[in-house]
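S.K.: pasting the sequence and the predicted coordinates here, then a few questions.
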Amino acid sequence: MGSNGHNADVELFRQFLRIRSVSDEGPAGNYSQAVAWLERFCHKIGLKTQHVEPVKGKPVLLATWHGTKPQLPALLLNSHYDVVPAMEEFWTVDPWAAEIQDGKIYGRGTQDMKSVCVQYLLAIERLKKKGFTPQRTVHLSFVPDEEIGGVDGMGKLLQTPEFAALGTLGLALDEGLANPGDAFTVFYGERLPWWILVRASGPTGHGSRFIKETAPQKLLRVAERALAFRRAQEELLGHDQHGCKHGTAKKLGDVTTLNLTMLRAGVSNDNGKTFCMNVIPTEAEAGFDVRITPDLAPKDFQKLLDKWCEEEGVTWQFAPWTRPLHSHFMTAADDSNPWWVAFRDAMAAMNHELEPEVFPAGTDSRFLRELQIPALGFSPMKNSPILLHEHNEYLSVDVFLAGIDVYVGLVEQLASKDTLPGEEEQLKRRKVNR
Ligand SMILES: [Zn+2]
Ligand SMILES: [Zn+2]
């Protein structure tokens with residue numbers, strides 16, 4: 001197959017990319033269409049499925065490939081089928097057309113993470129065709145809403161009887177990131193995403209006067225302190241002002257980022273088309289996206305935030321549509337974790353080099369790890385630029401196809417494992433921890 005190859009696997013991927021499953025867009029968001037497409041695929045390859053809809057309009061699809069030893073802890077292959085929006089005016093191609101140019105498939109979700117949804121299924125189809133039967137049961141979960149915090153997707157799924165009925169899970173695989181080099185990155189933990197709203201109140205008055213302690217003034221003082229913290233963290237990372245790296249070997253996952261992502265204030269009498277520029281608003285609000293590195297205790301960051309807000313006379317809260325975690329839950333990436341050993345050895349057997357890292361952003365893995373389920377973040381994309389959430393997101397045809405082989409090998413090896421050395425002890429520890 002040439003690099004522009006229109007083979008059947010690629011065509012399936014392109015079909016799925018054309019379903020505009022932007023997070024939480026309601027009926028127009030095509031969640032149901034994405035799930036219907038995945039379900040048809042599951043049935044075609046002989047997988048039993050079930051719909052779980054803990055929140056109306058946000059369906060989760062579960063599929064199961066039964067192993068011959070169902071008493072062994074199962075594998076979970078998780079992927080989210082929602083995608084972030086695309087700013088079409090900045091794309092050189094239609095983000096929803098899945099065009100192929102120069103051997104690259106362009107589209108929103110090519111890397112994050114519709115490729116993985118489809119690769120899991122294609123890998124299972126191939127394994128079935130070659131007559132492989134798993135010992136361990138393999139479950140798949142396709143979840144919505146990951147991109148907007150995961151509360152109504154993975155968060156709710158984990159509380160359902162259907163999830164409990166999957167039985168004990170030995171290892172979950174979830175998304176990772178592309179690696180520009182010739183190695184796969186695998187994530188054993190992640191920074192904690194905290195979405196923070198800071199709100200300031202103050203007096204109103206005429207815009208021509210020196211009114212004291214106005215809401216925007218207080219808000220900006222907090223913002224400035226927050227941004228000073230941001231500068232210090234950036235310094236720690238060792239990037240210069242042009243974004244070039246120098247000096248340290250730190251990665252993004254090793255520092256805490258903080259970005260001011262929302263600002264709101266102003267008095268308007270036409271819903272924000274124009275503003276009463278001579279009236280001091282009594283409320284001002286800022287939103288921050290914070291990603292807390294495992295090297296910083298969340299309670300220590302919280303203390304800082306409390307201090308800034310208290311000293312400047314404002315209040316903060318977590319964005320009410322999120323469910324922030326208060327500790328980092330990590331999956332051990334060393335010999336103490338039999339599943340890490342199994343994963344590492346399976347990849348080594350296929351001659352793939354691994355680079356273990358802390359995920360700089362957030363994934364649904366954090367909810368699984370919170371339940372003590374070992375989870376590794378891994379998307380088989382090497383020699384590929386990191387393009388998630390960017391304009392002109394693409395994945396090359398060759399990388400997409402090679403990824404199917406990687407999952408064939410991984411699932412074949414992991415699902416064939418009898419009880420791993422140390423697995424029972426690990427399970428006992430999990431029960432104690434719960
Ligand atoms: Zn993702
Ligand atoms: Zn994403």
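M.R.: Ah, there it is. Numbering: from 1, shown residues only. Ligands and ions are numbered 1, 2, ... in the order given.
S.K.: what packs against the host helix or strand of residue 311?
M.R.: Using DSSP states H and E, residue 311 sits within helix 298-312. Other elements packing on helix 298-312 under the criterion 3 or more CB pairs under 8 Å, 6 or more residues apart in numbering; DSSP states H and E are strand 192-201, helix 215-237, strand 283-292, strand 315-318. Any C-beta I mention is one placed from the backbone N, CA and C, and that applies to glycine too.
S.K.: quick one: those as TSV, columns for mean pLDDT too.
M.R.: Below are these laid out as TSV (pLDDT from 0 to 100):
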stretch	mean pLDDT
strand 192-201	98
helix 215-237	97
strand 283-292	98
strand 315-318	98
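S.K.: can I get these in CSV including mean neighbour count and distance to ligand 1?
M.R.: Putting these into CSV (neighbours: other CB atoms under 10 Å; distance: least, CB to the ion, whole Å) gives the following:
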stretch, mean neighbour count, distance to ligand 1
strand 192-201, 21, 12
helix 215-237, 17, 23
strand 283-292, 20, 14
strand 315-318, 13, 21
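S.K.: got the buried residues for the helix holding residue 311?
M.R.: By 16 or more other CB atoms under 10 Å, the buried positions in helix 298-312 come out as 298, 301, 302, 305, 308, 309, 312.
S.K.: how far does it sit from the chain's center?
M.R.: 27 Å (CA atoms, centre = their mean, to the nearest Å).
S.K.: tell me the angle of that helix relative to strand 192-201?
M.R.: Relative orientation of helix 298-312 and strand 192-201, computed by axes from the mean of the first three to the mean of the last three CA atoms, to 10 degrees: 10 degrees.
S.K.: and for helix 298-312, what's in contact with it?
M.R.: Residues outside helix 298-312 that contact it (CB atoms under 8 Å, 6 or more residues apart in numbering) are 192, 194, 196, 198, 200, 218, 221-222, 225-226, 229, 256, 290, 292, 315-316, 325-328.
S.K.: make it 6 Å
M.R.: Here helix 298-312 makes contact (CB atoms under 6 Å, 6 or more residues apart in numbering) with 192, 218, 221, 222, 225, 292, 316, 326.
S.K.: tell me which of those is nearest to residue 285?
M.R.: Distance to residue 285, by CB to CB, is smallest for residue 316 among these, at 10.2 Å.
S.K.: thought the closest one was touching residue 198?
M.R.: Yes - using CB atoms under 6 Å, residue 316 is in contact with residue 198, at 4.7 Å.
S.K.: near ligand 1, which residues of this structure show up?
M.R.: For the chain, the contact set with ligand 1 under CB under 5 Å from the ion comprises 112, 113, 175.
S.K.: buried subset of the residues you listed?
M.R.: 112, 113, 175.
S.K.: mind putting those residues in a markdown table, pLDDT and secondary structure included?
M.R.: Converted to a markdown table, those look like this (pLDDT from 0 to 100; DSSP: H, G, I helix; E, B strand; the rest coil):
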| residue | pLDDT | secondary structure |
| --- | --- | --- |
| 112 | 98 | coil |
| 113 | 98 | coil |
| 175 | 98 | coil |
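S.K.: having no further points to raise, I will conclude here.
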